[in-house]
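> Need coordinates for the below:
(2 chains)
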Amino acid sequence: MKPRHKKLLAIALSVAGLGVAVALILNAFQNNLVFFFSPSQVMRGEAPIDRTFRIGGMVEEGSVKREADGLTVRFVVTDTAHTMPVVYKGVLPDLFKEGKGVVAEGRLGPDGLFTATQVLAKHDENYMPPEAAHAIEQAQKAQQTVVRP
Amino acid sequence: MIPELGHFALIVALMLALVQGVLPIVGAHRGNATLMAVARPAAHGQFVFVLLAFAALAYSFLVNDFSVENVARNSYSKLPEIYRFTATWGSHEGSLLLWTLTLSGWTLAVTVFSRHLPEDMAARVIGVMGLVSVGFLAFMLFTSNPFLRLTPAVPEGNDMNPLLQDPGMVIHPPMLYMGYVGFSVAFAFAVAALLSGKLDAAWARWSRPWTTVAWMFLTIGIALGSWWAYYELGWGGWWFWDPTENASFMPWLAGTALIHSLAVTEKRGAFKTWTVLLAITAFSLSLLGTFLVRSGVLSSVHAFATDPGRGVFILAFLGVVIGGSLLLYAWRAPRLASGGSFTWFSREALLLGNNVFLMAAMGTVLLGTLYPLFMDAMGLGKISVGPPYFNAVFIPLMTPVLFLAAIGPLTRWKGDDLPALALRMKWAFAVALVTAALLPLTLDGMNLWASLGLFLALWILFGVLTGFIERLKHSQGGLLAKLASLPRGFWGMQVAHAGLAVVVIGATVVSNYEAHRDVRMNIGDHVDLAGYRFLFLGTQPVEGPNYSSMRGSVEVFRNERKVATVYPEKRRYHASGMVMTEAGIDYGVFRDVYVSLGEPLSDTEWVVQVYYKPFVGWLWGGAFLLALGGALAASDRRYRIALRRETEAAAARAQGARA
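Numbers count the residues shown, from 1 in each chain, chains lettered A, B, ... in the order given. Got it, this is the predicted structure:
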């Protein structure tokens, strides 16, 4: 095989590989990007009804209730401006606590109840999930602008 | 006093690294032997002082010197001694010191095993490694000094993150860093070759064993990390596509491509510029990995060091290293002639296919890891890219790589006959296909994904078998003698490919056939899962050295016969107040049973998670085979013979110069 052919082969293979990769990525990206919304954004109707997304904030004090089966847990996520009821069936991470930051992934029902498929664990006791911190910060900013004028 | 000595040692090390990074490269450029001769002593000196600094920090941890901020934040007087030692690299600062120590250790190894190299080559390689070291030492001294004092000193430390108090975590970071930093040798060889303009088969032969050894360590490091996540995080997952995992997986993918590309460059003189680019990429990704994990840009489960200010320094450093080497590449690479020709069906072509798909897979992981960070930085919203994306993209891209892994080693260099190969492999293909199609039927009914994975794994194993049979046909003597006479390079490749097949079997089976239940259990309750019965015997309080624990006892039965008792724990660490789940696992060759405690519902009642994990151990067994293959390949005789020959030639040259 001549060097020119070899180069062509290399280019063709690379282009083919790249093409496959790009096609796969775009397809998978579209289906699997998980967006994040704060309870305030969900209240304003910005969150989608028909797809999975994440919410975050703080677990409201005194809101954690366990159902009789011992596995289903209901709690309320707040960003200090708005709240959102969440139901989750499964084992909560070790660091899940009232008054601490939390991020949950799942779907929003038509009744406004968020059914979580996953509640995210974080490694550090004092560490606030960045999404949760962001949600609270945004809500507080929004409140201040309302109060001030 | 000791911490100050450590700090001082770091400053001296920085000075020596500057000397090591500048003078030999200038000397090599000018042909000045005196300047080039500085390289080795400077590197030795740097190693000694970095080691001193590391020893000083380790000492401060061992004697509980809570006047050192780093110790106060990351250790605890009641921490067992081994963890006080490993806490040395548990923090951001300490892990950087370990990084630097590893780098100077690799440099030391290069100075020892480079006697056979032309003097200017050795000087450049050691010099480039010195420059990398300058970056890390400066980073530590200016932004992350591990020896900062705390005034006033505190009486007690904050404790090490309980997740890291674990034997797996003791060796995981050093192994990972041995891999990350080991790619700096391949990088230094590549940059040295670009600087000198000499890029030939000898260059590839020099850098090949270094790259293989680095890759071996990285493989072990990643496997240990995965194993640790499996038993420590308490939900039995072994790979999460978490950004920190991706951070170590990307250099591994690039390194794997590099190993294969180096083979072509050594044997056939082809792919030279591509190989150089891969060497630069592999090390750049190692730096990127360090940046991602250590700068706190990630909101991931691993991000226990958070200080974005440091990110700026690493980012700048990253820019200089990657940008600089790519500029040098753009300037020099076009001058390098490319070597031997080959046809579209040859070992070269198949290895090219391997490289293209591996790098495409690496690119998709890179995108999935960086895209959320990019969106966040641009203020375009917070998103996350989860496992479904990576699985959807990664599996199809790895499928051709696995397919080629079986036939690549059976194909001749330069050109081979496809129909003839198809004939050689027809039985292997048929048997693998039929077995893979039927096996899932005996387990759980039709399952295309399971069949695909099993087919690829069997296909690779048959490829390995065919490779051995064909090699042995042409040699004489008994089977054992014949096997022993095969070169280690051949053994290494085959063992590693077999390891890959074992990993694929493990991943396929556990992903498709694992079972899991969360149940509410009181003393004496039982639950059935995948043919096993789990009997909960309640919990007892247990006191650890720095934690209090509730330890559950769960008896596991199969066919009315007791097979194991496991003891899952819920620990509460005194200093931090953190609650941790310790899983109870019964390990087996063909399955693990895995039990972890959820939350207590009353004094005697708990939420209990039970898992059945078939073939999960094959993942780590396969990774061990991969690493073993790397070790075998790196110890091949021809490197040592070439080494001896070149050392003699170098000695003769030196003699000639003196005469």
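
> Can you list the low-confidence ranges for chain A?
A:1-3, A:121-133, A:142-149 (pLDDT under 70).

> close to chain B, is the biggest helix by length in it?
Using DSSP state H to define each element, chain A has its longest helix at helix A:3-32. Yes: for helix A:3-32 and chain B, the contact criterion (Cβ under 8 Å from any Cβ of the partner chain) is met by A:3, A:6, A:9-10, A:13-14, A:16-18, A:20-21, A:24-25, A:27-29, A:31-32. (Glycine included, C-beta is placed from N, CA and C.)

> can you give me the offset of the helix or strand containing residue B:4 from its chain's centre?
Assigned by DSSP states H and E, residue B:4 falls within helix B:2-30. Taking Cα atoms, centre = their mean, to the nearest Å, one finds the center of helix B:2-30 at 28 Å from the center of the full chain.

> Just name whatever secondary elements that helix is in contact with.
Applying 3 or more Cβ pairs under 8 Å, 6 or more residues apart in numbering or on different chains; DSSP states H and E, one finds that helix B:2-30 contacts helix B:33-36, helix B:39-62, helix B:92-112, helix B:119-143, helix B:167-196.

> by how many degrees do it and helix B:119-143 diverge?
Here the directions of helix B:2-30 and helix B:119-143 differ by 150 degrees (axes from the mean of the first three to the mean of the last three Cα atoms, to 10 degrees).

> buried stuff in helix B:2-30?
Buried residues in helix B:2-30, defined by neighbour count with 16 or more other Cβ atoms under 10 Å in any protein chain shown: B:3, B:6-7, B:9-10, B:12-14, B:16-25, B:27-29.

> now swap in stretch B:628-639 and tell me
In stretch B:628-639, counting by 16+ other Cβ under 10 Å, buried: B:628-636, B:639.

> what comes up buried for the longest helix of chain A?
Buried, per 16+ other Cβ under 10 Å, within helix A:3-32: A:6, A:9-10, A:13, A:17, A:20-21, A:24-25, A:28-29, A:32.

> Export only the CA atoms of stretch A:15-33, formatted as PDB.
In PDB, the C-alpha atoms belonging to stretch A:15-33 read as follows (Å, rounded to 0.1, in the frame of the first residue of the first chain):
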ATOM      1  CA  VAL A  15     -13.800  10.100  10.000                       C
ATOM      2  CA  ALA A  16     -15.900   7.000  10.300                       C
ATOM      3  CA  GLY A  17     -15.000   6.600  14.000                       C
ATOM      4  CA  LEU A  18     -15.700  10.300  14.600                       C
ATOM      5  CA  GLY A  19     -19.000  10.100  12.700                       C
ATOM      6  CA  VAL A  20     -20.200   7.200  14.700                       C
ATOM      7  CA  ALA A  21     -19.100   8.800  18.000                       C
ATOM      8  CA  VAL A  22     -20.800  12.100  17.200                       C
ATOM      9  CA  ALA A  23     -24.000  10.400  16.200                       C
ATOM     10  CA  LEU A  24     -24.100   8.300  19.300                       C
ATOM     11  CA  ILE A  25     -23.200  11.200  21.500                       C
ATOM     12  CA  LEU A  26     -25.900  13.500  20.100                       C
ATOM     13  CA  ASN A  27     -28.500  10.900  20.400                       C
ATOM     14  CA  ALA A  28     -27.500   9.900  24.000                       C
ATOM     15  CA  PHE A  29     -27.100  13.500  25.100                       C
ATOM     16  CA  GLN A  30     -30.500  14.500  24.000                       C
ATOM     17  CA  ASN A  31     -32.100  11.700  26.000                       C
ATOM     18  CA  ASN A  32     -29.900  11.700  29.000                       C
ATOM     19  CA  LEU A  33     -29.100  15.200  30.000                       C
END
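
> Tell me which residues are up against it.
With Cβ atoms under 8 Å, 6 or more residues apart in numbering or on different chains as the test, stretch A:15-33 has contacts from B:356-357, B:359-361, B:363-364, B:367, B:383-386, B:388-389, B:392-393, B:396-397.

> Selecting buried members of those in PyMOL, what would you type?
To isolate the buried members of the contacts of stretch A:15-33 in PyMOL, using 16+ other Cβ under 10 Å:
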select buried, chain B and resi 356+357+359+360+361+363+364+367+383+384+385+386+389+392+393+396+397
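
> wait, what's in contact with residue B:314?
B:139, B:287, B:290-291, B:294-295.

> In which helix or strand does it reside?
helix B:308-332.

> Go through that helix and flag the buried ones.
For helix B:308-332, by 16+ other Cβ under 10 Å, it's B:310-311, B:313-314, B:317-318, B:321-322, B:325, B:328-329, B:332.

> Where does the closest residue to residue A:13 other than its chain neighbours fall, secondary structure wise?
Sequence neighbours aside, residue B:356 is the residue nearest to residue A:13 in space, at 5.3 Å (criterion: Cβ to Cβ, 6 or more residues apart in numbering or on different chains). Counting by DSSP H and E, the element that carries residue B:356 is helix B:347-377.

> how big is the angle separating that helix from helix A:3-32?
Going by the same axes, to 10 degrees, helix B:347-377 makes 40 degrees with helix A:3-32.

> Now do the strands in the stretch 451-600 of chain B.
B:515-521, B:526-529, B:532-543, B:547-558, B:561-566, B:569-573, B:579-582, B:584-586, B:591-600 (DSSP state E, counting those that start in this stretch).

> quick revisit: residue B:123 versus the residue nearest to residue A:13, what's the distance?
Going from residue B:356 to residue B:123 by Cβ to Cβ, to the nearest Å gives 35 Å.

> domains of chain A?
A:1-32, A:35-147 (automatic domain parsing).

> Assumed residue A:56 was part of a strand.
Yes: according to DSSP: H, G, I helix; E, B strand; the rest coil, residue A:56 belongs to a strand.

> Does it touch residue A:103 like I think?
Yes: contact between residue A:56 and residue A:103 holds when scored by Cβ atoms under 8 Å: they sit 4.2 Å apart.

> returning to that earlier point: looking at the buried residues of stretch B:628-639, which two lie furthest apart in space?
Farthest-apart pair in the buried residues of stretch B:628-639 is B:628 and B:639; separation 17.3 Å (Cβ to Cβ).

> follow-up on the earlier one: is the very next helix or strand once past the helix holding residue B:356 anywhere near chain A?
Where DSSP H and E defines the elements, the next helix or strand beyond helix B:347-377 is strand B:383-385. Yes: interface with chain A: strand B:383-385 contributes B:383-385 (Cβ under 8 Å from any Cβ).

> Could you list the domains of chain B?
What automatic domain parsing lists as the domains of chain B is B:1-165, B:176-336+B:377-397, B:515-615.

> Columns mean pLDDT on top of those, output as a markdown table?
As requested, the domains of chain B are exported to a markdown table (pLDDT from 0 to 100):
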| stretch | mean pLDDT |
| --- | --- |
| domain B:1-165 | 92 |
| domain B:176-336+B:377-397 | 86 |
| domain B:515-615 | 92 |
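
> thinking again about what came up before, what about the longest helix of chain A, distance to the chain center?
31 Å.

> go on, stretch B:636-652?
Centroid separation between stretch B:636-652 and its chain, computed with Cα atoms, centre = their mean, is 30 Å.

> can you pull the buried residues of it?
For stretch B:636-652, by 16+ other Cβ under 10 Å, it's B:636, B:639, B:643, B:646, B:650.

> Farthest-apart pair in these, please.
B:636 and B:650 (20.9 Å).

> Would you indicate which residues of stretch B:28-41 are buried?
B:28-29, B:32, B:35-36, B:38-40.

> quick one: contacts for residue B:622?
Going by Cβ under 8 Å, 6+ apart, the list of residues near residue B:622 reads B:499-506.

> contacting residues around the residue most central in space within chain A?
With distances taken as Cα atoms, centre = their mean, the residue of chain A nearest its centroid is residue A:54 (2.1 Å). With contacts defined as Cβ under 8 Å, 6+ apart, residue A:54 is in contact with A:34-37, A:103-105, A:131, B:382, B:384.

> Dump those to a markdown table, plus distance to residue B:585 and secondary structure.
Below are these laid out as a markdown table (distance: Cβ to Cβ, whole Å; DSSP: H, G, I helix; E, B strand; the rest coil):
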| residue | distance to residue B:585 | secondary structure |
| --- | --- | --- |
| A:34 | 31 | strand |
| A:35 | 36 | strand |
| A:36 | 34 | strand |
| A:37 | 38 | strand |
| A:103 | 28 | strand |
| A:104 | 28 | strand |
| A:105 | 27 | strand |
| A:131 | 32 | helix |
| B:382 | 35 | coil |
| B:384 | 29 | strand |
